[in-house]
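In: pasting the structure only:
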C-alpha cells in the first residue's frame, strides 16, 4: 500500500474540498422541506463514486429517499467488501446555538482537535466518515492497489430509521452479496486511544399524544375542573422510571443480558475519566440506573429518554391557557436480545394504563432496530484491529457503543455476513447537536487506515 499512502498524502486538499462541498448540501431527511436537497446529496455522492473509479453507479429510487450504489469488481473469485453509510443528516435546529452556519463548513481548532476540525451538520455523522471510504478506494484504484472487490451502498434515510433500506436489501440480495460489511458511523475512545465498536444498542422510538378537552380553555375559568394534558403527560412520564432510575414497563428487562462480574470488570478497563466527563458536559454529577458505571449505562444497559415535549402556549409573553393536548417523543435504547417490536407494544400498553379517564392517549411508533454484537475473534474484526494498529501504532480496544444503527442487525440477517464498525469520530464531536464537527486528523487517519483493512482482510 505504499503507492496508495503516497497518493493519499498528495491529495489531502482535494479530499477536504470534496467534504466541504458535500457538507454544504442540507440533506435533512426528516423534514420534507429539504426533499430536493436530499436528492441533490444523492447525486453528489453518485458523482463522487464515479470520480473514484466505481462502476455501475446508480441512484436507486425508493418510496422515500434514494439509495446510491456503486461497485468495483477486481475478480469474482476474490472477497467482496460492502461499504455502507448515509448521506442524510439530522435537522440543524436550534440554529441560533451554532457558532457558524450549519451548512457552511468552517475549519476551527479545538482542544480535542488541535490540527483543526470542520464544523458543519453531518461532518462526523456521517458524511465525513462515508467520504473516508470513497477517498480510500479512489486512492487504491488510482494506484492499482485495490486487493479485492468493493461495493458501496449509501442511503438517505438513516436518520429516520432506514425506513426503506430493508426492502431494498431483500430485493437486491444478489447485487449486494459480499463477505463482510464495513461501516464507519461510530467513534473511537480518543485520538491516542484507538478502539473498535463491537456492540450497538437497538432502538424503539415513539411519539405520544395526550388529549383532554376539545379545545384550548381559559385556565382561570376551567383550571382545577378540567384535566390539563401537559400536567397529566408530565405525571405519566415521571412514572416510567422508579427511584433507582430503572424503567418500570412490565417485562422490559426480560431479555436483557446480565453480565458476569469478570465481564463487567473487563468492560470498565477502557480509559474513562468521570471527572473529565462531567467537566466536558458541565454537570456536577452523573445520573442513571443505580448499581452501574457510566460505561455500563451507555453500553450494556437499556434506557428510556424523552427527546422532546411540547403543548400549550410557548410564544412571547403570557397566555393563560389550559391546552387541549400535549405531546412527547420518547426513545428507548435496547440491548442484548430485546425485540424493538415487543418493547414498543409493551410501552404502548403500559403508557396507556397510566392515563386517567379524563384524557385520551395515542402512541405512534416511528422507527426501531435490533441491537447487534460483532465477535472479536472473527477474521473481519482482526483485519480492522490490525489496520488501526498500523496507523495509530497502538493496541486497539474493543468497546460497546451506546448508539443505534438499525441496519446492522438487518445486514446480518439478510446478507448473512458479519459487520465491522470501524469508526473514527470522537464522542466530543457533538453529533446531532449544534456545532457538530469532525477532526481533520480523524478524517485523514480514516482514509489512511481503510486501505490497510482491505490489505489485511483480502490477503
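Out: Now that the structure is in, tell me what you want to look at. Quick caveat, the model's predicted, so the values are computed rather than measured. Numbers count the residues shown, from 1 in each chain.

In: Residue 357 belongs to a strand?
Out: No. Residue 357 is assigned coil when assessed by DSSP: H, G, I helix; E, B strand; the rest coil, not a strand.

In: Correct me if wrong: residue 178 contacts residue 151.
Out: Yes. In this structure, residue 178 is within contact of residue 151 by Cβ atoms under 8 Å, at 6.2 Å. (Glycine included, C-beta is placed from N, CA and C.)

In: Make sure residue 348 is indeed in a strand.
Out: No. Assessed with three-state DSSP, residue 348 is helix; it does not lie in a strand.

In: Skip the chain neighbours and tell me the closest residue to it.
Out: Nearest residue to residue 348, sequence neighbours excluded (Cβ to Cβ, 6 or more residues apart in numbering): residue 363, at 4.3 Å.

In: Residues that sit against both of residue 178 and residue 151, list them.
Out: Shared contacts of residue 178 and residue 151 (Cβ atoms under 8 Å, 6 or more residues apart in numbering): 80, 81, 82.

In: Most neighbours among those residues, which one?
Out: Neighbours here mean other Cβ atoms under 10 Å. Within the shared contacts of residue 178 and residue 151, the largest count is held by residue 81, at 27 neighbours.

In: Is it in a helix, a strand, or coil?
Out: Three-state call for residue 81 (three-state DSSP): strand.

In: need the contact list for it.
Out: Contact analysis of residue 81 by Cβ under 8 Å, 6+ apart lists 148-151, 178-182, 453-454, 457-458.

In: try it again with 7 Å
Out: With contacts defined as Cβ atoms under 7 Å, 6 or more residues apart in numbering, the neighbours of residue 81 are 148, 150, 178, 180, 182, 454, 457.

In: Also residue 173?
Out: By Cβ under 7 Å, 6+ apart, residue 173 lies in contact with 414, 415.

In: Check which element follows the lowest-mean-pLDDT helix or strand in the chain along the chain.
Out: Every helix and strand of the chain was ranked by mean pLDDT, DSSP states H and E. The lowest is strand 372-373, at a mean of 85. Scanning forward in sequence from strand 372-373 by DSSP states H and E, the next helix or strand is helix 379-392.

In: could you point out which element follows that following helix?
Out: Next in sequence after helix 379-392, counting helices and strands by DSSP H and E, comes strand 397-400.

In: Identify all contacting residues around whatever helix or strand comes next after that following strand.
Out: For strand 397-400, the succeeding helix or strand toward the C-terminus, using DSSP H and E, is helix 407-414. Contacts to helix 407-414, defined as Cβ under 7 Å, 6+ apart, come from residues 84, 162, 165-166, 169-170, 173, 181, 200, 369-370, 372, 417, 419.

In: Which among these count as buried?
Out: The neighbour-count criterion (16 or more other Cβ atoms under 10 Å) marks 84, 162, 165, 166, 169, 181, 200, 369, 370, 372, 417, 419 among the contacts of helix 407-414 as buried.

In: Save these as a markdown table, and put in distance to residue 309 and secondary structure too.
Out: Output for the buried ones among the contacts of helix 407-414, formatted as a markdown table (distance: Cβ to Cβ, whole Å; DSSP: H, G, I helix; E, B strand; the rest coil):
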| residue | distance to residue 309 | secondary structure |
| --- | --- | --- |
| 84 | 33 | strand |
| 162 | 26 | coil |
| 165 | 30 | helix |
| 166 | 30 | helix |
| 169 | 35 | helix |
| 181 | 37 | strand |
| 200 | 26 | strand |
| 369 | 23 | strand |
| 370 | 27 | coil |
| 372 | 30 | strand |
| 417 | 40 | coil |
| 419 | 34 | strand |
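
In: what's next to stretch 315-325, contact-wise?
Out: 209-220, 222-223, 226, 228-230, 311-313.

In: and the chain, what are its domains?
Out: Domain assignment for the chain by automatic domain parsing gives 2-200+371-458, 202-256+302-369.

In: and of those, who's closest to residue 268?
Out: Proximity to residue 268 (Cβ to Cβ) singles out domain 2-200+371-458 among the domains of the chain, at 10.9 Å.

In: what about the closest one, start to end distance?
Out: Domain 2-200+371-458 has an end-to-end distance of 17 Å (criterion: Cα to Cα, to the nearest Å).

In: cool, stretch 219-226 as well?
Out: Using Cα to Cα, the end-to-end distance of stretch 219-226 comes to 9 Å.

In: List the buried residues of stretch 416-426.
Out: Buried-residue list, stretch 416-426, by 16+ other Cβ under 10 Å: 417, 418, 419, 420, 421, 422, 423, 424, 425, 426.

In: May I have the secondary structure class of the fourth one?
Out: Read it as residue 420. Secondary structure, three-state DSSP: residue 420 is strand.

In: partner residues bridging it?
Out: Counting by DSSP bridges, residue 420 is bridged to residue 182.

In: So residue 63 sits against residue 164, correct?
Out: Yes. Shown here, residue 63 and residue 164 form a contact pair, counting by Cβ atoms under 7 Å, at 5.7 Å.

In: More neighbours: those two, which one.
Out: Ranked by neighbour count (other Cβ under 10 Å), residue 63 and residue 164 place residue 164 first, with 20 against 7.

In: roughly how far apart are residue 280 and residue 258?
Out: Per Cβ to Cβ, to the nearest Å, residue 280 is found 30 Å from residue 258.

In: Comparing the two, which residue is more hemmed in?
Out: The residue with more neighbours, out of residue 280 and residue 258, is residue 280; 13 against 9, by other Cβ under 10 Å.
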